[in-house]
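Student: next one to model:
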Amino acid sequence: MNFPIKFISNNENDTKNIALELTKILTNGDIVVLDGDLGAGKTFLVKQFAKLFNLENVNSPTFAIVNVYDGEIKINHFDFYRIEEQRELLDIGFNDYISDQDAITFIEWGSLYSELLPNKCYIISITFDEELNRIFEINRRDK
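Tutor: All right, here's what the predicted structure looks like:
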């Protein structure tokens, strides 16, 4: 697959379809960094991805820092937004989570602590166009 891949979302159904496309790309052990403004759709995308594997009750881990969902697949879901220093992540075993080869790990606001991210990961940037459609651009980093 050639990267970057760009999708335009005009509505929630389009974002659900993007989540479906991600099921064709992601496998256990993958790390996905989600960056975009507040309300861009980072958590919604993770929720829709999880639903495709019958994982329900997926919520933003903003205050918990990480939520783990285990079912047909395992998802580690981080949110760096309220982290004040990287020590908080290291203290909860962040490196163990991102080394988990049995899980797909999503990290919202990952660029806030980019020095902790692995060299190999997917980066999904969510921006808005002039009509306020969401633009999802997926890149793969293989340093």
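
Student: what kind of secondary structure is the spatially most central residue of the chain in?
Tutor: Residue closest to the average C-alpha location in the chain (CA atoms, centre = their mean): Phe106, at 3.3 Å. For Phe106, the assignment made with DSSP: H, G, I helix; E, B strand; the rest coil gives strand.

Student: roughly how far apart are it and Asn133?
Tutor: Counting by CB to CB, to the nearest Å, the gap from Phe106 to Asn133 is 22 Å. Using the backbone N, CA and C atoms, a C-beta is placed for each residue, glycine as well.

Student: now do Thr62
Tutor: Taking CB to CB, one finds Thr62 at 25 Å from Asn133.

Student: equivalent analysis for Tyr81, please.
Tutor: Here Tyr81 is placed at a distance of 23 Å from Asn133 (CB to CB).

Student: cool, and Glu72?
Tutor: Using CB to CB, we find Glu72 at a distance of 31 Å from Asn133.

Student: one more: Val58?
Tutor: Distance, Val58 to Asn133, by CB to CB: 24 Å.

Student: which of those two has more residues huddled nearby?
Tutor: Val58 (19 against 13; other CB atoms under 10 Å).

Student: my read is that one is in a strand, agree?
Tutor: No. Applying three-state DSSP, one finds Val58 to be coil, outside a strand.

Student: does it touch Leu52 like I think?
Tutor: No. Using CB atoms under 8 Å, Val58 makes no contact with Leu52, being 11.2 Å away.

Student: quick one, helices of the protein?
Tutor: Along the chain, the segments classed as helices by DSSP state H run 12-23, 42-51, 86-91, 94-98.

Student: for the residue nearest to the centre of the chain, list each beta-bridge partner.
Tutor: Val32, His77 (DSSP bridges).

Student: now swap in Asp70 and tell me
Tutor: Under DSSP bridges, the beta-bridge partners of Asp70 are Lys74.

Student: how about His77, what does it touch?
Tutor: Residues near His77 by CB atoms under 8 Å, 6 or more residues apart in numbering: 46, 58, 61, 66-69, 105-106, 108.
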